[in-house]
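here is a sequence together with a model predicted from it:
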Amino acid sequence: MIVAFSVAPASADPDEGMSAAVAEAVRVVRESGLPNETNSMFTLIEGEWDEVMDVVKRATEAVSSVAPRTSLMLKADIRPGYTGQLSAKVDAVERRLAE
């Protein structure tokens, strides 16, 4: 499965902004060893249900540890039997664009 999620403090210190808390969440994801990527809006992570959801939970807890309120948005593509889709989906679109 692929999960796209965004976790951030619902209110942030005006001097620090959100980046410090979000960086801790991204650190959790990167240290998980699962395929992942981060862009300006979401972090994507690929793996089995339990392992992905565990990483999302720990990333959320990392933000919650420095913020009194946390916002989490999550979207999942659940497709049993498929792996490597984090890049395969983009590759398929790129091939079409090259035609």
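Good, I have the coordinates.

any low-confidence regions in this protein?
12-17 (pLDDT under 70).

tell me where the protein has helices.
Here the chain has its helices, by DSSP state H, at 19-31, 49-64, 85-98.

center of the chain - which residue?
residue 43 (2.8 Å; Cα atoms, centre = their mean).

distance to residue 78 and mean neighbour count added to the helices of the chain, as JSON lines?
Just so you know, the C-beta spots here come from the backbone N, C-alpha and C atoms, and that holds for glycine as well. What follows is the helices of the chain, written out as JSON lines (distance: least, Cβ to Cβ, whole Å; neighbours: other Cβ atoms under 10 Å):
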{"stretch": "helix 19-31", "distance to residue 78": "19", "mean neighbour count": "17"}
{"stretch": "helix 49-64", "distance to residue 78": "8", "mean neighbour count": "17"}
{"stretch": "helix 85-98", "distance to residue 78": "11", "mean neighbour count": "11"}
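
export these to TSV and tack on distance to residue 10?
As requested, the helices of the chain are exported to TSV (distance: least, Cβ to Cβ, whole Å):
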stretch	distance to residue 10
helix 19-31	10
helix 49-64	10
helix 85-98	28
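
for residue 5, which of these is the nearest?
helix 49-64 (5.5 Å; Cβ to Cβ).

how big is the angle separating the closest one from helix 19-31?
160 degrees (axes from the mean of the first three to the mean of the last three Cα atoms, to 10 degrees).

what residues does helix 49-64 touch?
If you take Cβ atoms under 8 Å, 6 or more residues apart in numbering as the criterion, helix 49-64 is touched by 1, 3, 5, 7-9, 21-22, 24-29, 32, 34, 43, 45-47, 70, 72, 74, 78.

also stretch 76-87?
Under Cβ under 8 Å, 6+ apart, the answer for stretch 76-87 is 1, 2, 3, 4, 35, 36, 37, 44, 46, 49.
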